[in-house]
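>>> Quick one, structure for this:
(one chain, ligands or ions: 1)
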Amino acid sequence: MEQGSCCFAARVLIAGCVTIYFMEPKPPTLQTLPSDELRAILWRFSDRYDLQMLVQSVRAVARGPVARLVANGVRNSHEWTEEKNSLLEVFDGSGISAVFLGPEYGGFIEGPKNLAMALVAFELSWVDAGAATFSLAGNLGLAPIHERGTPEQREHYMSLTAPAEGRAPIRAAFALTEPIPFVGVETGLLGGKLRVVSWKEGEEPVLHVDKRGRFITNMGFANVVTAAVDSADERIKGSCLVILEKGDQGIWDRGIPTRKLVHQLSSTRDPVFSLQVPASRIIGGYTVKDGVIIPNYSHGEVIEAVFRRTRVTVGLMTAAKLLSAVEPVIRYQRARFRGGEAGEPGSPRYDLGLQTKQDVLHRLVDVWATGEASAALGFEAARMFDALDPLEKAKDRIFAERKLVGRAAFKVLAKLGDEAIEFLNLSREAAPDEAKLAALRDDPLVQFALLDAQANVFCPACKLWNTGYGATMMREAVSLMGGYGVTEDCPGFLGHKWMDAQLEATYEGPEAVQRRQMSLTMTNPVFLALFETWIKDLRATASGRPESGACLLASAMQLWLWTLRHLQTATDANGQKLYQSNRQGVTFPLADALCWLLASRQQILDVINLESSAATNPAVAEELPGVLSFLISLCHVQAARAAGEVSRTCADLVFGYNSHPEWTEQACAACYGASELDELEGVIPGIASAARGTGTVHEDSQAHPVKAGPCPDVSALQPFLRLNGKLNSCLTGSRLAKDRAAVALSQVMIPEALDYPQ
Ligand SMILES: Cc1cc2nc3c(=O)[nH]c(=O)nc-3n(C[C@H](O)[C@H](O)[C@H](O)COP(=O)(O)OP(=O)(O)OC[C@H]3O[C@@H](n4cnc5c(N)ncnc54)[C@H](O)[C@@H]3O)c2cc1C
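Numbers count the residues shown, from 1 in each chain. Coordinates of the predicted model:
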C-alpha cells in the first residue's frame, strides 16, 4: 500500500484460496497542535476581531519581554526591581493596561470585558502567571470603583488610568486582607478603621483611614488603593471601601515585600496607611441621616460584586499553564534518548523516545484533557458574565425605578426564579403556549434570573476546580519532565507554573470560600432545573456523538443530583441533618463533585459546537478532522475521570453517615439464622447459599464470620445502587478513547523549538 494513501489498513479475508482485501478509510488523526483559528472557534470568539488582535498583542508581550525576564532569573528576587518595573510600560504600550477601560476612558473594547480579560490572563499565564497577576491586580484595584463607584468617581479614576503622554497613569491595588487575626478568608473580621476627623457645617466631612494590609499585590508601585475599612466612629455606620491616593495627608508606607515563593513578577507587600481623605472617597457614595454617614455599599457588597467577575480570570490562569505544558513535554519525551548509542535515527527509540511507553502518554493525555476542560469551563464563565452584565444593569435599573430594596427585592427575585423555571419548562414542551413563552423570553428580569443562577455556580466552580485540581495536574506535568521539571531550565517554566498554581488556588479567596459559595448557589431551584435539562441534552448529544462520553457524563450528573436530593433530607446515624451550612464534610465534597461535571460538560459542548461551527471554515479545514477526533477522545477521557470522582464522592456521602452494624444481639436479630435458612431452602431453592453470600447469616454455633458485622441493610438505597451500577457500565469505551488519544500524541507534529523565551 502506498504511503499517504487515504486507506490505512487492509482487512484480509481468506475464502478458500482467494484473498480479498477491504480498504478502510483512514481515520483522521491529529496532525499538529490546534491552531489559533481553531481555538478562537472552540472558545467562541472567532467573530470578535478585536479579541483576536488582543490575543496576538498580549502574546507578543508574554513570549517576548516577559519570557526573557523569567529566563534571566528575574523571579529570584522579592524586590520590585527596575527590570520588573519595565513591564509596566510594555503593558501600557501593548494595550494590556487599557483592556479594562471602556472606549470613553481610553480603552478600545466596546461592551463587557470579562472574556477580553480572561484572554489576557490566559496569554500571559501561558508564560508567567505573576505577569498576569500584576495586570489583573490593577484591574482588581479599580473594579470596586467600576462596579459600585459613583458616576463622578468612575469618571475621575477611569479616565486617569489609560496611559497618556505627560502624566503618570493610575496604578491601582486592592487592599482587603489584613495581618492576622483580621481579614483572610473571613472577610467580616475587619481591622481597618474609619473615623471622622472634622465635619464643618455645610461642608464635606474629612475622614481618617487606618488600614494595614497583608499580601497586597502591586504595592511596590501603586498610586491608588481601594481599601476595606470598618467604622470606628458612631458618626459612620457600618463598613465600606475607600479610595486612598498617594499624596493624601498622612502615612503611605508601602511596607515590606512579601517573601513569597510564587508569582515573582508581581509585587506583593504589607502596606500601612494612616491617611486623611474626604468622605467623597467612600466608594459608591453615602447619605447622611440624623448626623450619621451611611455608606451606600458595605465593603461586603462591593467585594461580592467585584470577586464574582475577577475570580473567573484567575481560573483561566491555571488552565493556560496546563495547555502550555503539552508542547514542552512532548518535545522532551521524543528527544529523551537521542544521541545515545542505542537508538539510530529512524528507530522508535530515536523518533519516539519515552513515547514508546504507554504510561507517559496516558499521563500527558490526562494533563491535556484537564487543560481543555478547565479552559472550556473558564471561558464559558467569562462569556456568561459578558452576557449577564447588561441584564444585571437592566435589573438594577428596573429595581431602582420600582424602589425595590431589602425584603421587597428578595421577594421579587424569588418570583423571578419561579418564572425562569416556567420558561425552562415551556421551552421544552412540544406545543408550548407561544405567547407566554415569548413574553418570558423577552423579559430581561426572567433572563437575568436564569443566567444569574448559572453564573453564581460557574464562577466559584471555575476558580475552585481550575486552580485546585489544576495545581495537582501541574505537578503531573512537572513529573513528566523528570529531574528537568524541577529546575529553572525546564522548558516552559513548568516548575514555576506548578508552584504558582497554588497561589491561584489561594488568592481572591481560597478553596473553602468557593466551596462555601457553591454549597449555597448549587441548590438554587433555578440552577437545579437547568441541570435537569442539561442531563437530557447530553443524552441527545450522545446519540449523535456516542464516543464523546456525553452519555456517561449524563449518568454521572444524574447520580450527583440524586445524591444532593437525598442528602438534603437525610440524617446521619445520630439523627442530625446532613445538608446544612456547618457540615462542610457534606456540602464541600458535593461542590467539588459538581465542578468535575460542569468542566467535563462544557468541554463536550465546546467540541460539539466546534464540529458544527468550523465545518465550513476554510481556515481550519485541513486540521479540523484530526483535531476534532482527538478532542472528542479527550472529552471521553475527562468524562470518565469526572464520573469516577462523582461516583466515589457520592457513594462515600450516601453510605458514610450510616453506622455499620456490629455483631450485637440487636443487629443479629436482622440476620438469617442458619437453621432457619435450611428450612426455607425447601421452599425457596438457593436461598441458603445466596444469603450466605451477603454475609448476614448467623450460624447456630453463635460464631460469626470474621468481619465488622452483618452487612448493612441498603434496601432503601437501591435507587442509588442502580444509578451507580449504570454509571459503571457507562464507562464502556473510555479506555479505548484514552488509547486513541495516546496514539495521537505520539504522532502529532510539533515545532522544532518552543517559541519562548525569545
Ligand atoms: C502573593 C499574594 C498576593 C495577594 N494579593 C492580595 C491583594 O492584592 N489584595 C488582598 O486583599 N489580598 C491579597 N492576598 C491575600 C489572599 O487573598 C489571602 O491570603 C487569601 O484570601 C487567604 O486568606 P489567609 O491567607 O488569611 O488564609 P486563612 O483565612 O488563614 O485560611 C487558611 C486555611 O483555612 C481555610 N479556612 C479559612 N476559613 C475557613 C472557613 N470558614 N471554612 C473552611 N475553611 C476555612 C482556608 O481555606 C485555608 O485553607 C494575596 C495573597 C498572596 C499570598
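>>> Check the gap between Glu679 and the ligand for me.
In this view, Glu679 and the ligand are 56 Å apart by C-beta to the nearest ligand atom, to the nearest Å. The C-beta positions use only the backbone N, C-alpha and C, and glycine is treated the same way.
>>> Let me know how buried that residue is, in neighbour terms.
Neighbour count for Glu679, taken as other C-beta atoms under 10 Å: 11.
>>> again with Gly73
11.
>>> Now do the contacts for it.
Counting by C-beta atoms under 8 Å, 6 or more residues apart in numbering, Gly73 makes contact with Glu488.
>>> For it, give me the pLDDT.
pLDDT recorded at Gly73 is 96.
>>> With the one 5 residues further on instead?
Among the per-residue scores, His78 shows a pLDDT of 92.
>>> Now do the same for it: helix, strand or coil?
coil (DSSP: H, G, I helix; E, B strand; the rest coil).
>>> and the gap between the closest residue to it other than its chain neighbours and the ligand?
In space, and not counting its chain neighbours, His78 is closest to Pro257: 4.4 Å by C-beta to C-beta, 6 or more residues apart in numbering. Between Pro257 and the ligand the distance is 10 Å, computed by C-beta to the nearest ligand atom.
>>> Pro257: how many residues sit nearby?
Pro257 has 16 nearby residues by other C-beta under 10 Å.
>>> Please renumber the chain so that the first residue is 12 from this point on.
New numbering, starting at 12: the last item is Pro268.
>>> element containing the closest residue to Phe434 other than its chain neighbours, please.
Among residues not flanking Phe434 along the chain, Leu451 sits closest, at 4.0 Å (C-beta to C-beta, 6+ apart). Using DSSP states H and E, Leu451 maps to helix 445-452.
>>> what comes up buried for that helix?
448, 451 (16 or more other C-beta atoms under 10 Å).
>>> helices or strands up against it?
helix 417-438 (3 or more C-beta pairs under 8 Å, 6 or more residues apart in numbering; DSSP states H and E).
>>> Measure how the helix it packs on sits relative to helix 445-452, angle-wise.
Angle of helix 417-438 versus helix 445-452, following axes from the mean of the first three to the mean of the last three C-alpha atoms, to 10 degrees, is 140 degrees.
>>> packing partners for helix 417-438?
Against helix 417-438 (3+ C-beta pairs under 8 Å, 6+ apart) you get helix 445-452, helix 455-490, helix 536-555.
>>> at 10 Å instead, please
Applying 3 or more C-beta pairs under 10 Å, 6 or more residues apart in numbering; DSSP states H and E, one finds that helix 417-438 contacts helix 369-412, helix 445-452, helix 455-490, helix 536-555.
>>> nearest to the ligand, of the ones you listed?
helix 455-490 (10.4 Å; C-beta to the nearest ligand atom).
>>> centre of the chain versus that closest one, how much separation?
3 Å (C-alpha atoms, centre = their mean, to the nearest Å).
>>> The helix or strand that that helix is followed by: how far from the chain's middle?
As assigned by DSSP H and E, the chain's next helix or strand after helix 455-490 is helix 505-517. Centre-to-centre, helix 505-517 and its host chain are 15 Å apart (C-alpha atoms, centre = their mean).
>>> so the closest residue to the ligand within the stretch 512-661 of the chain is in which element?
Per C-beta to the nearest ligand atom, Ala523 is where the stretch 512-661 of the chain lies closest to the ligand, at 3.2 Å. Using DSSP H and E, Ala523 sits in helix 522-532.
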